[in-house]
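Visitor: Take a look and give me a structure for this.
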Amino acid sequence: MGHTATVYHGDKLIVFGGENEHREYLSDVVILDLSTSTWTQPEIRGSVPRGRARHAAVIYDEKLFIVGGVTGENSVILDDISYLDLKTWTWSRSWRFTARFDHIAWVWGGRLWIFGGLDPDMERTTDIWWLDLKGVPSLSMADSQGTLDSPATPNRMTHSPDALFSSPSQQLPGRSGSYAANSGSVQVRNSNRRKLMAPGAISCLRFKSGAHVPSLFSGTHFQAYASGVLLDLITPSETVRTFECNLSSLELDSLRWQKLADGQEIFKPGFRWHYCTVDTTGTKAWLLGCSLDVGGTPGTSDENSMSEVLCLDLRRYGLLGDEMAAVAADQARVRVAERPGLSSLSGIGTDLSAVFDQSPESGSEADFTITANPDEEPGPDDHTEEPNVDPPPSFLPPNVNTSPPIHVHRIILQLRWPHFKRLYSARMAEYHSKRLHIPEPYSVVRAFLYYLYTDSIAGHPEYCSDIIDVAGMLVMANLYDMPKLRLLCVNRLSRELDVENAAIIWERARRTNEEWLMRRASQFCLGHWGRVVRTEGFKSLSRQNLIELCEVVDTEGRIVGGPELELAGGLGADGLGPARDSKRSQLTLGGTAADDLDDLDGDDIDGMEIS
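Guide: So this is what the prediction gives:
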């Protein structure tokens with residue numbers, strides 16, 4: 001009980017610690033081979049950490065990191081961190097970090113992070129800690145610091161993972177009267193040696209308040225790491241109803257909370273959820289629980305049973321998956337971990353970007369030309385076609401005003417753009433003219449073609465800097481059925497939603513049937529209505545779009561202005577002073593202030609402590 005089980009190399013489960021049936025705290029390591037359903041034990045060397053339960057474990061760089069937990073008869077809360085080198089099966093020494101139990105740990109951006117759990121005062125924590133792992137010799141290589149805490153076996157051999165898992169002699173014996181351990185099962189020692197602080201920079205940030213900072217003091221919370229963000233899921237319980245639940249995320253590069261979904265979108269009534277985990281790709285979350293209504297007879301079920309599974313597709317909420325998130329962050333020059341096995345396309349893309357849109361005379365060997373609509377083309381008000389339908393690209397020389405030519409290479413377009421490959425293989429007019437016209441704005445088409453060269457939409461100062469261009473690429477990704485580009489666009493649009501672009505993002509999401517992004521953008525518009533309606537993006541919407549956006553407001557909603565603002569929860573509480581400006585107004589939805597629907601602007605966020 002209270003152990004950790006961590007996936008290693010995709011087919012091994014490494015179990016550490018926990019309590020046995022005698023209420024003893026353990027520090028042994030046992031391994032389940034998932035392909036053969038065989039348990040094995042490695043021979044352990046090094047300074048074995050104290051036995052513990054309710055700790056956190058994470059594998060990174062062939063090391064199993066163990067953080068915190070509880071131990072001893074008096075349930076001492078541990079503040080240490082150590083790791084087991086999985087190549088040599090040698091424990092490192094233990095360092096001081098922060099006292100915590102029932103928390104989670106993960107590694108992102110070359111840092112080990114922890115969040116959640118309880119502190120020594122037995123209170124739920126609202127702070128996040130991280131330890132820098134880069135550039136610290138004792139954390140970046142095999143380490144045998146410290147002395148053996150148990151008697152050493154002469155000529156003890158270390159085992160590589162492959163040798164360990166393939167050796168039948170290493171299999172565990174059957175259950176006996178005493179607990180078999182690989183290095184001393186019960187580790188309840190009271191060491192008087194003062195531990196050193198963990199090497200590397202240690203940082204902490206505490207969240208005091210915010211529009212979407214999860215309230216950790218109520219409800220049943222599950223936290224998990226996926227796709228470069230920390231997920232916080234509040235599930236229904238006896239005291240927390242479905243509409244009070246939600247799924248939130250903390251962006252680790254900006255340390256900014258945002259709400260991804262309301263409880264009604266995720267949960268059906270009549271269930272309790274007890275465990276949560278994320279798959280190895282970071283694209284799906286799984287909840288394990290039970291139904292409260294068995295056979296139609298309320299109250300007959302066992303709330304502790306595990307009979308139901310709920311799967312959440314995280315890509316629906318704009319999450320990229322672990323590998324894509326790491327590549328996207330690297331392309332955006334955000335500090336990320338140097339992980340093996342990342343797609344090499346980002347490196348190739350760096351080289352290809354040097355010949356993108358370079359004329360043949362420059363030596364680029366470009367052999368194809370693409371044109372687009374000029375950026376000053378009329379807005380949606382002047383279009384009469386159905387907004388969900390986009391005209392196909394024309395392979396005939398356009399008889400209308402076009403943009404400057406974009407010089408590209410046919411081989412890259414054929415490899416990266418399936419639609420182009422199909423049409424070009426038909427050897428129509430474009431095959432002979434070596435020219436293609438795409439009826440989309442010039443800046444959007446350039447950003448789209450730049451993506452084909454580099455596999456990136458990460459904010460290049462020339463090609464992808466404008467979020468409106470990303471919204472246009474979302475339309476093209478939908479038109480040409482390019483799911484990876486669609487997901488990248490949804491992710492970036494949701495992260496960079498603001499007053500100036502919210503109306504445009506809502507319209508593009510509506511056009512492409514991106515329901516989650518459309519709902520998020522509409523809630524943002526309602527929460528900042530007074531400023532959104534004064535933007536050029538809002539004014540550029542067609543009459544039909546304006547009507548539909550306005551109809552998102554609840555039928556009982558109304559505009560509250562002037563002196564009523566303070567009574568509506570208003571400006572006095574936000575520290576903005578009296579509501580004397582008649583232009584200041586607040587949209588209320590069924591009595592709930594719409595300001596609570598989305599994040600405050602960066603200048604309005606306060607109440608954070610960082611050390």
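Visitor: Do I have it right that Val30 meets Trp39?
Guide: Yes - under the criterion of Cβ atoms under 8 Å, Val30 is in contact with Trp39, at a separation of 5.9 Å. (Each C-beta comes from the backbone N, C-alpha and C, glycine too.)
Visitor: Show the contacting residues for Lys434.
Guide: Lys434 makes contact with Asp367, Phe368, Thr369, Arg410, according to Cβ atoms under 8 Å, 6 or more residues apart in numbering.
Visitor: Looking at Val30 and Trp39, which one has more neighbours?
Guide: The residue with more neighbours, out of Val30 and Trp39, is Val30; 19 against 15, by other Cβ atoms under 10 Å.
Visitor: Report the secondary structure state of the more buried one.
Guide: strand (DSSP: H, G, I helix; E, B strand; the rest coil).
Visitor: same deal with Lys195?
Guide: coil.
Visitor: And it, what's its pLDDT?
Guide: For Lys195, the model assigns a pLDDT of 77.
Visitor: Not counting its neighbours along the chain, what's nearest it?
Guide: Leaving aside its chain neighbours, Lys195 sits nearest to Arg96 (4.6 Å; criterion: Cβ to Cβ, 6 or more residues apart in numbering).
Visitor: where in the stretch 401-550 of the chain is pLDDT low?
Guide: 459-460 (pLDDT under 70).
Visitor: show me where it has strands.
Guide: With strands called from DSSP state E, counting those that start in this stretch, the stretch 401-550 of the chain shows them at 406-408, 435-441.
Visitor: Please identify which of those is closest to Cys550.
Guide: Nearest to Cys550, of all the strands of the stretch 401-550 of the chain, is strand 435-441, at 26.1 Å by Cβ to Cβ.
Visitor: Go ahead and measure how far the closest one is from the middle of the chain.
Guide: 35 Å (Cα atoms, centre = their mean, to the nearest Å).
Visitor: buried ones in that strand?
Guide: Buried residues in strand 435-441, counted by 16 or more other Cβ atoms under 10 Å: Arg435, Leu436, His437, Ile438, Pro439, Glu440, Pro441.
Visitor: Who are the contact partners of Cys414?
Guide: For residue 414 the amino acid is Gln, not Cys. Phe420, Lys421, Tyr424.
Visitor: ChimeraX command for the buried members of those residues?
Guide: Of those, the buried ones go into a single ChimeraX selection, burial set by 16+ other Cβ under 10 Å:
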select :420,424
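Visitor: residue boundaries of the strands in the stretch 151-300 of the chain?
Guide: For the stretch 151-300 of the chain, the strands defined by DSSP E, counting those that start in this stretch cover 202-207, 220-226, 229-235, 246-251, 256-262, 271-278, 284-291, 293-294, 297-298.
Visitor: With mean pLDDT as extra columns, can I get those strands in TSV?
Guide: Output for the strands of the stretch 151-300 of the chain, formatted as TSV (pLDDT from 0 to 100):
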stretch	mean pLDDT
strand 202-207	92
strand 220-226	90
strand 229-235	93
strand 246-251	92
strand 256-262	91
strand 271-278	90
strand 284-291	93
strand 293-294	66
strand 297-298	53
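Visitor: which of those is buried the deepest?
Guide: strand 229-235 (a mean of 24; mean count of other Cβ atoms under 10 Å).
Visitor: Who are the packing partners of that one?
Guide: Strand 229-235 makes packing contacts with strand 220-226, strand 246-251, strand 271-278, strand 284-291 when contacts are defined by 3 or more Cβ pairs under 8 Å, 6 or more residues apart in numbering; DSSP states H and E.
Visitor: where along the stretch 251-400 of the chain do the helices fall?
Guide: In the stretch 251-400 of the chain, the helices defined using DSSP state H, counting those that start in this stretch lie at 263-266, 322-331, 345-352.
Visitor: Select from those helices the stretch with the lowest mean pLDDT.
Guide: Lowest mean pLDDT within the helices of the stretch 251-400 of the chain: helix 345-352, at a mean of 62.
Visitor: so can I have a markdown table of the strands of the stretch 151-300 of the chain showing distance to Gly527?
Guide: Formatted as a markdown table, the strands of the stretch 151-300 of the chain follow (distance: least, Cβ to Cβ, whole Å):
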| stretch | distance to Gly527 |
| --- | --- |
| strand 202-207 | 20 |
| strand 220-226 | 24 |
| strand 229-235 | 20 |
| strand 246-251 | 15 |
| strand 256-262 | 11 |
| strand 271-278 | 29 |
| strand 284-291 | 26 |
| strand 293-294 | 36 |
| strand 297-298 | 38 |
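Visitor: so which of those strands gets nearest Leu479?
Guide: With Cβ to Cβ, the closest approach to Leu479 among the strands of the stretch 151-300 of the chain belongs to strand 256-262: 26.1 Å.
Visitor: picking that back up, if any of the contacts of Lys434 are buried, put those into a ChimeraX selection.
Guide: Only the buried entries of the contacts of Lys434 go into this ChimeraX selection, using 16+ other Cβ under 10 Å:
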select :368,369,410
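Visitor: From the contacts of Lys434, which land in strands?
Guide: Phe368, Thr369 (DSSP state E).
Visitor: Find the pair from the contacts of Lys434 with maximum spatial separation.
Guide: Pairwise over those, using Cβ to Cβ, the maximum falls at Thr369 and Arg410, 10.4 Å.
Visitor: Now do the contacts for the closest residue to Gly69 other than its chain neighbours.
Guide: Spatial nearest neighbour of Gly69, excluding adjacent residues (Cβ to Cβ, 6+ apart): His55 at 2.9 Å. His55 makes contacts with Gly2, Thr4, Phe16, Gly17, Ile66, Val67, Gly68, Gly69, Val70, Leu78, Phe101, as judged by Cβ under 8 Å, 6+ apart.
Visitor: at 7 Å what do you get?
Guide: Thr4, Gly17, Ile66, Val67, Gly68, Gly69, Phe101 (Cβ atoms under 7 Å, 6 or more residues apart in numbering).
Visitor: Sort out which of those residues are in strands and list them.
Guide: Here DSSP E is the test, and the contacts of His55 give Thr4, Gly17, Ile66, Val67 as lying in strands.
Visitor: Just the buried ones out of those residues, please.
Guide: Buried, going by 16+ other Cβ under 10 Å: Thr4, Gly17, Ile66, Val67, out of the ones in strands among the contacts of His55.
Visitor: wait, which of these is closest to Gly363?
Guide: Nearest to Gly363 among these: Val67, at 54.5 Å, using Cβ to Cβ.
Visitor: so Phe243 touches Phe267, yeah?
Guide: No - checked against Cβ atoms under 7 Å, the pair Phe243 and Phe267 is beyond contact range at 9.6 Å.
Visitor: The closest residue to Gly135 other than its chain neighbours: neighbouring residues, count only.
Guide: Closest residue to Gly135 apart from its sequence neighbours, by Cβ to Cβ, 6+ apart: Gly200 at 7.6 Å. The tally of other residues near Gly200 (other Cβ under 10 Å) stands at 20.
Visitor: ditto for the one 10 residues further on
Guide: A count of neighbours around Gly210, defined by other Cβ under 10 Å, yields 17.
Visitor: ok, now how distant is it from Leu131?
Guide: Remark: distance between Gly210 and Leu131 (Cβ to Cβ, to the nearest Å) = 24 Å.
Visitor: With Gly228 instead?
Guide: Separation of Gly228 from Leu131 (Cβ to Cβ): 18 Å.
Visitor: which residues touch the closest residue to Pro441 other than its chain neighbours?
Guide: In space, Pro441 comes closest to Asp375 once its chain neighbours are excluded; the distance is 5.1 Å by Cβ to Cβ, 6+ apart. Shown in contact with Asp375 (Cβ under 7 Å, 6+ apart): Pro441, Tyr442, Ser443.
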